[in-house]
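> One predicted model, sequence on top.
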Amino acid sequence: MTATRVRHSTTPGRILYLALELGWNGWKLGFSTSPAQPVRQRSLRARDLAGLLKEIAAAKQRFGLPPETPVRSCYEAGRDGFWLHRYLTDQGIDNVVVDSASIEVNRRARRAKSDSLDAEKLVKMLMRYHGGDQKIWSVVRVPSVADEERRHLHRDLQEMKAERTRHNNRIKGLLAGVGLDVEVAADFPERLKELRTWDGAEVPGQLRQRLLREFERWQFVHQQILALDSERARRIRQGTSKQVQMVRDLLRLRAIGDSSAWLFVMEFFGWRRIRNRRELAALAGLTPTPYQSGNRDREQGISKAGNRRVRMMAVEIAWCWLRFQPQSQLSLWYQKRFGKGASRLRKIGIVALARKLLVALWRYLEARGGTRRGGDQGRGPAAARLRGGGLHVTVLRPDDAKPWSKRADNGEHHSEFKGVKTVVRGNGRRNRRNLVQAAVTVPGFPSGMPSVRWVRLV
């Protein structure tokens with residue numbers, strides 16, 4: 001009788017690791033199977049997908065791997081975007097896109113730098129990442145094709161406005177050279193004929209021709225801006241997607257306009273899955289960067305490592321919030337903390353307010369989303385975040401509050417609709433300093449309440 005021995009191996013199956021160093025004319029590929037294995041490097045013509053698959057097959061054969069061996073790859077986020085990630089994923093390759101700014105480098109004043117060295121370093125860091133060192137770099141969250149499509153309109157609009165500003169400044173600079181100043185508008189050619197220099201002469205001929213050519217470029221860009229503005233307004237009015245509904249929700253708040261609401265949703269809230277406020281601040285680049293070494297301990301300012309468009313808009317809206325929502329909790333916090341300080345201190349405080357405002361808007365949209373999804377609208381986590389997150393709604397002067405509230409002894413209507421508690425003052429007075437005009441349907445209340453027109457965010 002022969003005993004049968006079954007061998008159980010705890011060693012995981014071999015995996016082929018691939019790092020791609022992307023260039024405009026060529027790609028550098030680095031292959032390896034373990035940290036002790038020398039990196040196999042190959043050059044490839046850029047965007048040659050058939051050649052990429054052949055090199056992967058050749059690498060498997062070189063390392064003695066079967067054809068069905070899984071492949072894990074990585075490349076740095078940059079100009080090539082995410083099309084290559086989608087292709088590799090479609091081919092069954094486990095790919096990650098890496099934030100290039102998060103890759104550790106040698107801190108010497110002069111260090112060797114080449115595509116070959118970068119490919120070798122990437123493939124070794126990829127093995128460490130899949131080995132459990134998740135903090136070795138930052139992995140980029142890849143948006144869907146539809147999410148990328150939604151970001152083109154406002155980005156193109158921002159670039160167009162910057163280009164129009166350049167044309168406007170160039171025209172004013174040319175006129176300043178002869179001591180003239182005029183606002184650039186549709187009637188600029190007619191006004192140019194009427195301009196006179198210091199000695200009563202007309203604008204010189206060559207300068208006039210250059211100004212008219214510059215104005216034609218300004219007018220072309222201006223017309224495109226108007227067309228994009230109209231397209232965005234049409235989508236806000238007629239759109240039915242979840243992202244457009246979030247834009248409408250933001251527009252219910254005073255100090256939030258079309259540009260800011262659209263940008264916040266399409267760049268941030270419309271597709272990202274944000275887990276907590278710290279992650280939200282990091283995505284916007286509004287996290288602190290302390291520096292502590294020995295006796296030296298100082299703050300270097302915000303990281304600025306996130307989305308610069310969202311960060312810029314958040315700071316701009318923070319100033320608008322102070323102006324249009326002066327009695328809100330966020331504005332009162334800012335005035336108490338930074339309002340009496342110098343100009344530099346107020347500028348530092350506005351960045352802190354921008355971070356708090358982003359968190360409040362995120363919680364507001366989460367609460368609105370919980371209401372739209374139906375079901376037990378006021379008892380889910382979204383409603384809990386609304387009640388405990390510092391963004392509360394007080395409804396004033398409803399025409400008929402009887403179906404959902406009861407009168408208290410102090411002349412106020414106290415109600416609780418599906419877990420959301422609300423106080424309704426019915427004394428017939430409106431204090432415009434404390435109120436914000438907004439046609440809203442308050443989260444947790446029936447949608448058939450057309451009388452709700454004044455809310456206060458505290």
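Arrived safely, thanks for sending. Numbers count the residues shown, from 1 in each chain.
> What helix or strand is Val96 located in?
For Val96, the element it lies in under DSSP states H and E is strand 94-98.
> same question, Ala282
Ala282 belongs to helix 277-283, assigned by DSSP H and E.
> same question, Glu148
Secondary structure (DSSP H and E) places Glu148 in helix 145-150.
> so how far is the next helix or strand after that helix off the chain centroid?
Downstream of helix 145-150, the first helix or strand assigned by DSSP H and E is helix 152-176. Chain-centre distance of helix 152-176: 23 Å, with C-alpha atoms, centre = their mean, to the nearest Å.
> Kindly provide the distance from Gln209 to Gly177.
According to C-beta to C-beta, to the nearest Å, Gln209 stands 15 Å off from Gly177. Just so you know, the C-beta spots here come from the backbone N, C-alpha and C atoms, and that holds for glycine as well.
> Correction: the previous question concerned Leu361.
46 Å.
> Between the two, which is the more surrounded one?
A side-by-side neighbour count of Leu361 and Gly177, using other C-beta atoms under 10 Å, places Leu361 first with 24 against 8.
> wait, the more buried one sits on Leu250?
Yes - Leu361 is in contact with Leu250 according to C-beta atoms under 8 Å; the separation is 6.8 Å.
> roughly how far out does the helix holding Ala282 sit from the chain middle?
11 Å.
> Output the contacting helices and strands for it.
When contacts are defined as 3 or more C-beta pairs under 8 Å, 6 or more residues apart in numbering; DSSP states H and E, helix 277-283 sits against helix 343-372.
> quick one: buried residues of the helix it packs on?
346, 349-350, 352-371 (16 or more other C-beta atoms under 10 Å).
> so where's the stretch 251-400 of the chain uncertain?
For the stretch 251-400 of the chain, residues meeting the criterion pLDDT under 70 lie at 370-400.
> residue ranges for the strands of this protein, please.
16-22, 26-32, 40-45, 71-76, 94-98, 288-293, 296-302, 393-396, 406-407, 412-417, 420-425, 436-437, 454-457 (DSSP state E).
> Next, count neighbours for the closest residue to Gly26 other than its chain neighbours.
Take Gly26 and drop its neighbours on the chain: the residue closest to it by C-beta to C-beta, 6 or more residues apart in numbering is Ala46, 5.4 Å away. Neighbours of Ala46 under the rule other C-beta under 10 Å: 11.
> what sits against Ala46?
Contacts for Ala46 were tallied using C-beta atoms under 8 Å, 6 or more residues apart in numbering; they are 22-27.
> Can you tell me which of those is closest to Leu84?
Using C-beta to C-beta, Leu22 is the member of these that sits closest to Leu84, with 7.5 Å.
> so what's Ala109 scoring on pLDDT?
Looking at Ala109, its pLDDT reads 78.
> could you point out where the stretch 1-150 of the chain is predicted with low confidence?
Using pLDDT under 70, the stretch 1-150 of the chain drops low at 1-12.
> if we go to 80?
1-13, 109 (pLDDT under 80).
> Just want to check the distance between Arg191 and Val184.
9 Å.
> what about those two, which has more around it?
Val184 (21 against 12).
> Can I get the buried part of the contacts of Ala46 as one ChimeraX selection?
Per 16+ other C-beta under 10 Å, the buried members of the contacts of Ala46 correspond to this ChimeraX selection:
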select :22,27
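> Any chance of the contacts of Ala46 in CSV with distance to Pro290 as columns?
Shown next, in CSV, are these (distance: C-beta to C-beta, whole Å):
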residue, distance to Pro290
Leu22, 34
Gly23, 37
Trp24, 39
Asn25, 42
Gly26, 41
Trp27, 39
